[in-house]
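Provide a 3D model corresponding to the input given below.
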Amino acid sequence: MVSEIAHQAAVNNAIDSGVALQKDEEQRLISNTDEKVTIFSTQNGEPRQILKIDAKRVLNKRLSDGRPAFWMDGMPGKPPVYTMGTISCYLDPEFDESDGPAGFDRAWLDKIGLSGRTCNMMAPDKHNQKFRSVFDRDDHAAKKHRNEWKIIQDAIEKNRLATEAEERRLDREAQKAQSAAMLALANKKG
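I've put the predicted structure just below:
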């Protein structure tokens, strides 16, 4: 565990303030409002690009157990190892969870009107993201694919209601058949 003093010193030193003074030189201020730095999540090692000007604030964030939430080059310790998930975005062209948590595949998504819609379709050079949990994937869909997520949720609800209606119909038919059998049995004995 890195001490709090070492962590704060690393946070303060990891970010170049942009002020450069040398002997007999006037002070000059350099703006870094659009420069980006890479930080790493200490939970899963995921790299993120953030504005350099925000780095000190972000690096001071803590997890619930008190550990730093992010790490960056220049801080004590080693960078966290990035662990990529195995769960695909719903809009991945190869999405197939017919036997998984979703219960459907890409063909079903195409059938409900999402044909041609893919994750990162506006940035074809980006790879489709893999998630570590279904929660992360659903959160991604709710935030990044709002319209598509609503269509998926509506179609799931419509299927659920249709399934319930069919089950009620089958129950009624079974009850009618059972009643008819009981009547036939009663008429046979009487």
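
Buried residues, stretch 53-60. List them.
Buried residues in stretch 53-60, counted by 16 or more other C-beta atoms under 10 Å: 53, 55, 58, 59. In this view, the C-beta of every residue, glycine as well, is placed from N, C-alpha and C.

ugh, wrong one, I meant stretch 72-81
Across stretch 72-81, burial judged by 16+ other C-beta under 10 Å covers 72, 75, 80.

Give me the phi and psi angles of the second one.
Residue 75 has phi and psi values of phi -90, psi 160 when expressed as degrees, to the nearest 10.

Begin at 58 from now on, thanks
With the count now opening at 58, the last piece we talked about shows up as residue 132.

which SS state does residue 216 fall under?
Assigned with DSSP: H, G, I helix; E, B strand; the rest coil, residue 216 falls in the helix class.

what does the domain assignment say about the protein?
61-75+85-128, 145-185+199-226 (automatic domain parsing).

coming back round to it: in a markdown table: the buried residues of stretch 129-138, plus pLDDT.
A markdown table is the format used below for the buried residues of stretch 129-138 (pLDDT from 0 to 100):
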| residue | pLDDT |
| --- | --- |
| 129 | 88 |
| 132 | 84 |
| 137 | 84 |
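
As a check, name the ranges of all strands in this structure.
Ranges of strands in the chain, per DSSP state E, are 93-98, 104-108, 127-128, 144-145, 187-188.

Pull the residues that contact the second one.
The contact list for strand 104-108, computed with C-beta atoms under 8 Å, 6 or more residues apart in numbering, reads 90, 91, 92, 93, 94, 95, 96, 97, 98, 115, 127, 139.

neighbours around the nearest residue to the second one once chain neighbours are set aside, how many?
I take that to be residue 91. With sequence-adjacent residues excluded and distances taken as C-beta to C-beta, 6 or more residues apart in numbering, residue 91 is closest to residue 108, at 7.2 Å. As a burial measure, residue 108 scores 13 neighbours (other C-beta atoms under 10 Å).

quick revisit: buried ones from the contacts of strand 104-108, can you make that a PyMOL selection?
Filtering the contacts of strand 104-108 down to the buried ones (16+ other C-beta under 10 Å) takes a single PyMOL command:
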select buried, resi 94+96+97+115+127
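
could I get the contacts of strand 104-108 as a markdown table with pLDDT?
Output for these, formatted as a markdown table (pLDDT from 0 to 100):
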| residue | pLDDT |
| --- | --- |
| 90 | 71 |
| 91 | 82 |
| 92 | 85 |
| 93 | 88 |
| 94 | 89 |
| 95 | 89 |
| 96 | 91 |
| 97 | 90 |
| 98 | 87 |
| 115 | 90 |
| 127 | 90 |
| 139 | 81 |
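
Can you lay out the contacts of strand 104-108 as CSV showing distance to residue 153?
What follows is the contacts of strand 104-108, written out as CSV (distance: C-beta to C-beta, whole Å):
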residue, distance to residue 153
90, 44
91, 41
92, 41
93, 36
94, 38
95, 33
96, 34
97, 31
98, 28
115, 37
127, 34
139, 25
